[in-house]
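[1] need a structure here:
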Amino acid sequence: MDIKNLIRDVPNFPIEGIVFKDITTLLKDKEGFNEALAQLHNFSKNKGITKVIGIESRGFIFGGALAEKLGAGFVPIRKPGKLPAPSVSESYILEYGTDIIEIHEDAIEKDDIVLLHDDLLATGGTMEAACKLVEKLGAQVAQISFLIELSFLNGREKLKKYDVHSLVKYDSE
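    Prediction:
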């Protein structure tokens, strides 16, 4: 099954000139969803993963399912002000400014082996910040997975010290 065929392009969203990769068409397809989950699981099984961290918000979808399949805990990384308990934060650079992500300070332990998951790798800034959060809390980033990679944006370059896997790659806009 070609998962790429189940991802819809939405032109000019969220702004003019952007082609948004819409995964809702994949998610609603039972066979496609299960195939994508199986492929992501194959990347991470037998690696001793103790926690799966999903990045807000689409990273929660496969992140939670992966945690269940791996027998690991699930931890969300959220945008500022969304977590109720004490948290640590990391800022990162966007194309036109900065943003911040947060994790509960007690979400992971120093001996945790972590898989970080998000739906899309673009410039790599969000995931790089997420890795910094995990390492700030003393845990090990074992692997990083994405459903989609926009390889023409070179986001993988920021993550080159990690084991990175993506299911679907787009080499051009």
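[2] wait, Ser172 sits on Leu150?
    No: checked against C-beta atoms under 8 Å, the pair Ser172 and Leu150 is beyond contact range at 9.1 Å. Glycine gets a C-beta too; all of them are placed from N, C-alpha and C.
[3] neighbour count for those two, which is higher?
    Leu150 (22 against 6; other C-beta atoms under 10 Å).
[4] end-to-end on stretch 159-167?
    Terminal residues of stretch 159-167 lie 16 Å apart, using C-alpha to C-alpha, to the nearest Å.
[5] where does pLDDT dip in the protein?
    Along the chain, segments meeting pLDDT under 70 span 95.
[6] remind me, longest strand of it?
    Counting by DSSP state E, the longest strand found in the chain is strand 140-150.
[7] show me what that one is packed up against.
    On a contact count with 3 or more C-beta pairs under 8 Å, 6 or more residues apart in numbering; DSSP states H and E, strand 140-150 meets helix 30-44, helix 59-70, strand 113-121, helix 125-136, strand 164-170.
[8] helix or strand right after the second one?
    Downstream of helix 59-70, the next assigned helix or strand under DSSP states H and E is strand 73-77.
[9] got a list of contacts for the helix or strand just after that next one?
    Note on strand 73-77: by DSSP H and E, the next helix or strand toward the C-terminus is strand 87-94. Residues outside strand 87-94 that contact it (C-beta atoms under 8 Å, 6 or more residues apart in numbering): 80, 98-105, 123, 125-126, 128-130, 132-133, 136-137.
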